[in-house]
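1. following is a predicted model, sequence given first.
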Amino acid sequence: MDQITNIITTSAMSIFVVLTGVVVKALKDYLLTRGGKKAIEIVEILAKNAVNATEQVAGALDIHGKDKLEHAKVSLIETLATHNIYLSDDEMNTFIEAAVKAANDEWKK
């Protein structure tokens, strides 16, 4: 009898964990579709911050060109992860390039 109770309890807990995962995933997708604009604004701000921070430490770290891009990407990835935002490599490059262009335009003024 204890074995049957044990099996039922274990099965119920497994089902509950799976259902909880499905509900959380659905809720996250729903919030991302509703908060998509806000997520993009956050990414733009964080990309700009990553580019500016990379420019400030580039001299001290003696990094140039592609190394600066990689440093900015790593910085952006770490910061986005704290906001539960994940981008593809191409999307990240696009946001970083846009931030670099905006910074260059701003510095030329």
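-> Nice, thanks for sending it over.

2. use CA for all of it now, contacts and neighbours both
-> Noted.

3. next SSE downstream of the lowest-mean-pLDDT helix or strand in the chain?
-> None of the helices or strands of the chain scores lower by mean pLDDT, DSSP states H and E than helix 2-34, at a mean of 72. Moving toward the C-terminus from helix 2-34, the next helix or strand (DSSP states H and E) is helix 36-61.

4. now that next one, how far from the centre of its chain.
-> 12 Å (C-alpha atoms, centre = their mean, to the nearest Å).

5. helices or strands up against it?
-> helix 66-82, helix 89-108 (3 or more C-alpha pairs under 8 Å, 6 or more residues apart in numbering; DSSP states H and E).

6. out of these, nearest to Q56?
-> helix 66-82 (10.6 Å; C-alpha to C-alpha).

7. show me what counts as buried in that closest one.
-> Neighbour-count burial for helix 66-82 flags 68-69, 71-73, 75-77, 79-80 (criterion: 16 or more other C-alpha atoms under 10 Å).

8. let me know the closest of the residues you listed to I40.
-> Nearest to I40 among these: L80, at 11.0 Å, using C-alpha to C-alpha.

9. number of nearby residues for the spatially closest residue to that closest one that is not a sequence neighbour?
-> Distance criterion C-alpha to C-alpha, 6 or more residues apart in numbering; nearest residue to L80, sequence neighbours excluded, is Y86 at 6.6 Å. Neighbour count for Y86, taken as other C-alpha atoms under 10 Å: 14.

10. again with D105
-> That count, for D105 with other C-alpha under 10 Å as the rule, works out to 10.

11. do A103 as well
-> A103, neighbours per other C-alpha under 10 Å, totals 14.

12. how close does it sit to K73?
-> From A103 over to K73 the distance is 16 Å, taken as C-alpha to C-alpha, to the nearest Å.

13. sweet, I'm off.
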